[in-house]
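> quick one: sequence plus predicted model below, questions after.
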Amino acid sequence: MDAVFAVVALLFVLLVVLGAYATVKVVGAAKRRVDDGIAQARRTVEDHTLRAKSFAQPGPAGELAQLRLKLRTSMRATQDALHAGVAEDESLKESLGLFDRLSAHGHELDAELRRLESEPDRATLAERLPELRERTERIVRSADSLRWAVRDRARRFAEDELDTLNAQIDVETGALRHWQTTDSSSTPPPWPEAPAAEAGVTSEQTWSDTPRSQRAEEPTRPAITPPGPRPTYPWQKKTRPENTT
C-alpha cells in the first residue's frame, strides 16, 4: 500500500513539474512576441520621426536624421535578407557573421548620430558632417552589396532549378508522346533489279550474285560418263557376227 502511495505521489510531482515547465515556456513565448511587437512599433515610430525631421528641420539636424534613416533602412533590409536566406542556404552563415561585424559599426554610428541630434553647437556639428556622411556611406555600401549578393545567389539557384525542371518536363513529355517519335510510314528497302535478258535467249529470271546465276554459268555435264572401248585379249575368241549362222 505504501508503494502505491509513493507511485501516486511521484506521478503528481511529475505532473506539477511538467505543468510548470509548460507554463514557463508559454509565458516566455508570449513575452517574446510582446517584446518583438513593442520593438517593431518603436522602430516604426522612430523611422517616421526621423523621416519627419529630415523634411521639417533644415541644416545639420535634418541631415543627421536623413543619415540615420538611410543607415537603419539599409541595415534592416540586409538583416532580413540574410536571416531569410540562411534558413535555406547554410553557406550564408559566413555572410551572416560578416554582417554581424558590420552591424556593430552600424549601431555605433547610429548611437553617435542620435547623440548629435541634440548637440547645440551647430557649427561644430556642421564640421563633423562630412566625416559622418562618409562613414554612413561606407556602411550602407557594404550592407547593400551583401544584400544584393544574397538576392542574386537566390535568384541564380532558382533559375538553375527552373532549367533542370524544364529539362525533366521535356523528357517526360517526349516519353508520354512516344507514338510521335516512331515512323510508321517507313518502308523496307527495295530489292535489286534483275539484269536484262540477252537477245534470242530465253532463260529464267536470275538475280545478280546469287547461287543460281553461278550454276547457270557452269557448262552442262552428263550425269554418267559413257563407257570406252573394251581391251581385247589373245585368249578370247573372235566375236562372231550376229547375222552368221
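Received the coordinates, thanks.
> list of residues touching stretch 67-76?
Residues external to stretch 67-76 that are found in contact with it (C-beta atoms under 8 Å, 6 or more residues apart in numbering): 43, 47, 50-51, 54, 102-103, 106, 109-110, 113-114, 132-133, 136, 139-140, 143-144, 147. Heads up, the C-betas are built off the backbone N, CA and C, glycines and all.
> among those residues, name the ones in helices.
Within the contacts of stretch 67-76, membership in helices is found for 43, 47, 50-51, 54, 102-103, 106, 109-110, 113-114, 132-133, 136, 139-140, 143-144, 147, as judged by DSSP state H.
> ChimeraX command for the buried members of the residues you listed?
Under the burial definition 16 or more other C-beta atoms under 10 Å, those of the ones in helices among the contacts of stretch 67-76 that qualify are selected in ChimeraX by:
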select :50,54,102,103,106,109,110,113,132,136,139,140,143,147
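> can you pull out the low-pLDDT segments for the protein?
In the prediction, the chain carries residues with pLDDT under 70 at positions 1-2, 30-43, 45, 47-48, 55-56, 180-192, 194-245.
> which residues in it form strands?
With DSSP state E applied, the chain shows no strands anywhere along its length.
> give me the neighbour count for Arg76.
A count of neighbours around Arg76, defined by other C-beta atoms under 10 Å, yields 14.
> and for Asp89?
Residue neighbour count, defined by other C-beta under 10 Å, stands at 14 for Asp89.
> spit out the contact partners of it.
The contact partners of Asp89, by C-beta under 8 Å, 6+ apart, come to Arg153, Ala154, Phe157.
> let me know the closest of those to His83.
Within the set of the contacts of Asp89, Ala154 lies nearest His83; the separation is 12.9 Å, counting by C-beta to C-beta.
> which residues touch the closest one?
Taking C-beta under 8 Å, 6+ apart, one finds Gly85, Glu88, Asp89 in contact with Ala154.
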